[in-house]
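Visitor: here are the coordinates; sequence isn't available:
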Ligand SMILES: [Mn+2]
């Protein structure tokens, strides 16, 4: 029987292969053609792939990508440019295929989560939050940032998940660096603690940040905390299905501006979350994307005062029936741990 396809999508990124086939490989190709998945991988994966992937599976040593594309009679190939190597792009181009960027089609599809995907993300958020609650008793003078992050990550695994991304635990002035490198710094009295963490449950991520205080917070810290909390709660309250990303960012940024701290909010309000921790859309001052029901994203306003402290409050949220709902239950009030 002649297999006629013409157009296909070729993916090489492990997370995206997982998104479309339900199976993660970091070395292989997923070819989607006429609504059918074809997965090419090697001997390390093939046994599990045949059981788990929603795809026809092939050993790369027996069937090359080019053999398969030829068999399927593919002429035109969609690639997700941000997640395709220049080498793959060049090899396909040299072989005479017409290439196009499949990114926007993928983004619109991946932004809206299915019921099944949402269930996994909710579980991921539940584990993330439980792990956070479990580590609170470990916060004592002398513990290091790395020890606290290890405890958090140990809890992800105990609760059935994996580490979603590089955990950030920042004590004191380290908290003013939004993507701080967790170190062996020891916890001292009267110190803010910023923790940014997330787990991965059956391929789907969660993302959460809490800023706590160990000891006695200053009036300035309390004032800025309150402002960031108001920015967070106002954004969750006002974002709806139909909100343009830049408007969503402005809701929180406006609150910080009214308080005089918007110039210390040095990143975007949030980002889509799914099989990757940073997905489309970006809730940034420039993004024109429209948020839709079923979207899952972070809301994470922050204020970073160099040499003093940083405060960020982040939840993973979703849009359902037009409204923005947090998938995290712990409240956003400042948690003060007495030294
Ligand atoms: Mn985040």
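Guide: Looks like it arrived, so ask away. Everything numeric here is computed off the predicted structure, so don't read it as measured data. Numbering: from 1, shown residues only.
Visitor: Which secondary structure state does the residue most central in space within the chain sit in?
Guide: Residue closest to the average C-alpha location in the chain (C-alpha atoms, centre = their mean): residue 277, at 1.6 Å. At residue 277 the chain is in coil, as set by DSSP: H, G, I helix; E, B strand; the rest coil.
Visitor: Can you find the helix or strand of this protein with the lowest average pLDDT?
Guide: strand 6-11 (a mean of 92; mean pLDDT, DSSP states H and E).
Visitor: Skip the chain neighbours and tell me the closest residue to the residue nearest to the centre of the chain.
Guide: In space, and not counting its chain neighbours, residue 277 is closest to residue 165: 4.8 Å by C-beta to C-beta, 6 or more residues apart in numbering. Using the backbone N, CA and C atoms, a C-beta is placed for each residue, glycine as well.
Visitor: just residue 43 next, same as before
Guide: residue 59 (6.9 Å).
Visitor: What's the local residue count around that neighbour?
Guide: 13 (other C-beta atoms under 10 Å).
Visitor: need the contact list for it.
Guide: Residues in contact with residue 59 (C-beta atoms under 8 Å, 6 or more residues apart in numbering) are 40, 41, 42, 43, 46.
Visitor: re earlier: next one: phi and psi at the residue nearest to the centre of the chain?
Guide: Per-residue torsions, residue 277: phi -80, psi -30 (degrees, to the nearest 10).
Visitor: pLDDT score for the closest residue to residue 338 other than its chain neighbours?
Guide: Excluding the flanking residues, the one nearest residue 338 by C-beta to C-beta, 6+ apart is residue 215, at 7.3 Å. The model reports residue 215 with a pLDDT of 97.
Visitor: now do the one 10 residues further on
Guide: Per-residue confidence for residue 225 comes out at a pLDDT of 98.
Visitor: Which SSE is immediately downstream of the strand or helix carrying residue 19?
Guide: Here residue 19, judged by DSSP states H and E, is contained in helix 14-21. The first helix or strand that comes after helix 14-21 along the chain, using DSSP H and E, is strand 28-33.
Visitor: wait, isn't the residue nearest to residue 277 in contact with residue 199?
Guide: No: using C-beta atoms under 8 Å, residue 165 makes no contact with residue 199, being 9.2 Å away.
Visitor: Tell me which of these two has more neighbours.
Guide: When residue 165 is set against residue 199 and neighbours are counted by other C-beta under 10 Å, the residue ahead is residue 199, at 31 against 15.
Visitor: Now that one. Its backbone dihedrals?
Guide: According to degrees, to the nearest 10, residue 199 has phi -120, psi 170.
Visitor: and the helix holding residue 19 with strand 28-33, angle?
Guide: 40 degrees (axes from the mean of the first three to the mean of the last three C-alpha atoms, to 10 degrees).
Visitor: for helix 14-21, packing partners?
Guide: For helix 14-21, the packing partners by 3 or more C-beta pairs under 8 Å, 6 or more residues apart in numbering; DSSP states H and E come out as strand 28-33, strand 36-41.
Visitor: okay, the angle between the first one and strand 36-41?
Guide: In this structure, strand 28-33 runs at an angle of 160 degrees to strand 36-41, with the same axes, to 10 degrees as the basis.
Visitor: Name every strand pairing with strand 28-33 and say which way it goes.
Guide: Partners of strand 28-33 in the sheet, by DSSP bridges, are strand 6-11 (antiparallel), strand 36-41 (antiparallel).
Visitor: circling back to that earlier point, what touches both of residue 165 and residue 199?
Guide: Taking C-beta under 8 Å, 6+ apart as the criterion, residue 165 and residue 199 both touch residue 205.
Visitor: What lies in contact with the strand or helix carrying residue 317?
Guide: Using DSSP H and E, residue 317 sits within strand 315-320. Contact with strand 315-320 is made by 113, 118, 121, 125, 128, 198, 206-208, 232, 236, 239-241, 273, 291-300, 324-328, 332, as judged by C-beta under 8 Å, 6+ apart.
Visitor: contacts with the ion among these, please.
Guide: Filtering the contacts of strand 315-320 for proximity to the ion (criterion: C-beta under 5 Å from the ion) leaves 207, 298.
Visitor: Which members of the contacts of strand 315-320 occur in strands, if any?
Guide: Secondary structure assignment (DSSP state E) places 208, 296, 297, 298, 299, 324, 325, 326 from these within strands.
Visitor: and which of the residues you listed is nearest to the ion?
Guide: residue 298 (4.1 Å; C-beta to the ion).
Visitor: how many other residues sit next to the closest one?
Guide: 22.
Visitor: And the furthest pair within the ones in strands among the contacts of strand 315-320?
Guide: In the ones in strands among the contacts of strand 315-320, two members sit farther apart than any others by C-beta to C-beta. They are 208 and 324, at 16.0 Å.
Visitor: re the thing from before, can you tell me which of the contacts of strand 315-320 are buried?
Guide: Neighbour counting by 16 or more other C-beta atoms under 10 Å classes 113, 118, 121, 125, 128, 198, 206-208, 232, 236, 239, 241, 273, 291, 294-300, 324, 326-328, 332 among those as buried.
Visitor: Does residue 279 touch residue 271 like I think?
Guide: Yes: judged on C-beta under 8 Å, residue 279 makes contact with residue 271 at a distance of 6.6 Å.
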